[in-house]
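J.: Return a 3D structure for these sequence lines:
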Amino acid sequence: MHYGQSGRAECDGYPCTFHGGSGNTGVSTLTQPTLAIGDHYLQKSYPFYSESDQFTEQFRIDNPSWAVMFTVLPLNDDPQYCWFEMTVTNLDSQKSQTYGFGRTYPYTTYQQYPMYTPGLYKIQMKGNLVKVDLDVAKRLP
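T.: Residues are numbered from 1 along each chain as shown. As a prediction, this is how the structure comes out:
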């Protein structure tokens, strides 16, 4: 494992995936293949220092093959205090999906989700004691 130009952990050129086992709030490493991405719709970092910190982004997706990816950096040595939740809403259909880290979500620091519908989207984020790097980008074949 090393850190790439983006400052993210990489394993053999791919971002590392971190998993905690069932009932385990520890963080261990495990690599998995990642989606190949192209042009970015959104690429930004968000700090969450308290439970009241929230961010919202809105953007238009023009391609049916895209993805949401995020990397979570816990800011406390005790993972029980670190969490993140993100809701992705298609404003045209009002359908939404929620993803996260900690609390009721897995302690997986790198997560990626393929998406398939273009349209106007809103991402609402909240968290505590984490820094989140968010990428929303076109997927490559």
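
J.: does residue 116 really touch residue 68, like I thought?
T.: No. Residue 116 lies out of contact with residue 68 (C-beta atoms under 8 Å); the separation is 11.7 Å. All C-beta spots, glycine's among them, are computed from the backbone N, C-alpha and C.

J.: neighbour count winner among the two?
T.: residue 68 (22 against 10; other C-beta atoms under 10 Å).

J.: any idea how far the more buried one lies from residue 97?
T.: With distances taken as C-beta to C-beta, to the nearest Å, residue 68 is found 9 Å from residue 97.

J.: Find the residues that touch each one of those two.
T.: Counting by C-beta atoms under 8 Å, 6 or more residues apart in numbering, the residues touching both residue 68 and residue 97 are 88, 113.

J.: Could I get the full set of strands for the protein?
T.: Using DSSP state E, the strands of the chain run over 2-3, 9-11, 14-19, 28-31, 37-48, 54-61, 66-74, 83-90, 96-101, 110-115, 119-128, 130-139.

J.: okay, and for this protein, where does confidence drop off?
T.: Residue ranges of the chain with pLDDT under 70: 1-33.

J.: center of it, which residue is that?
T.: Residue closest to the average C-alpha location in the chain (C-alpha atoms, centre = their mean): residue 70, at 2.0 Å.

J.: for that residue, what are its contacts?
T.: So residue 70 contacts 84, 86, 99, 110, 111, 132, 133, 134, 135 (C-beta under 8 Å, 6+ apart).
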